[in-house]
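Novice: Predicted model and sequence below, questions to follow.
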Amino acid sequence: MQENSLNRANRERPTVIEVGGEPLGVVVPEADGYRFLAVKLPAFPIDGQHFPNIELAHLAVANAVREGDAA
């Protein structure tokens with residue numbers, strides 16, 4: 001019984017999203033994907049957005065940083 005609880009806890013942990021070695025936020029699992037929570041200013045434009053997978057969240061964060069650098 002305890003083993004199942006531990007496995008679920010590992011799956012529900014936030015995943016850090018880094019761009020250029022800098023952590024900019026985390027994605028937290030939701031029922032149908034992941035929600036991004038920004039922790040650094042360059043990623044705030046996409047704070048709270050929902051993504052179907054972690055890879056798309058990472059791409060969106062990288063794009064937000066790139067667009068912020070261009071401004």
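Specialist: Thanks, I have it.

Novice: Centre of the chain to the longest strand anywhere in the chain, how far?
Specialist: When the chain is parsed with DSSP state E, its longest strand is strand 22-30. Mean-position distance between strand 22-30 and its chain equals 3 Å (C-alpha atoms, centre = their mean, to the nearest Å).

Novice: Stretch 33-43 too?
Specialist: Mean-position distance between stretch 33-43 and its chain equals 5 Å (C-alpha atoms, centre = their mean).

Novice: With stretch 15-29 instead?
Specialist: Distance, stretch centre to chain centre, for stretch 15-29: 5 Å (C-alpha atoms, centre = their mean).

Novice: Beta-bridge partners for the residue nearest to the spatial centre of the chain, please?
Specialist: Closest to where the C-alpha atoms of the chain average out (C-alpha atoms, centre = their mean) is residue 27, at 2.8 Å. Applying DSSP bridges to residue 27 gives these bridge partners: residue 15, residue 36.

Novice: Against residue 53, how distant is it?
Specialist: For residue 27, the distance to residue 53 (C-beta to C-beta, to the nearest Å) stands at 9 Å. Glycine gets a C-beta too; all of them are placed from N, C-alpha and C.

Novice: what's near enough to touch the residue nearest to the centre of the chain?
Specialist: Contact partners of residue 27, counting by C-beta atoms under 8 Å, 6 or more residues apart in numbering, are 14-15, 17, 34-37, 51, 54, 57.

Novice: let's go with 6 Å and repeat that
Specialist: Shown in contact with residue 27 (C-beta atoms under 6 Å, 6 or more residues apart in numbering): 15, 34, 36, 54, 57.

Novice: Surely the third one touches residue 58?
Specialist: The one in question is residue 36. No: using C-beta atoms under 6 Å, residue 36 is not in contact with residue 58; the gap is 9.3 Å.
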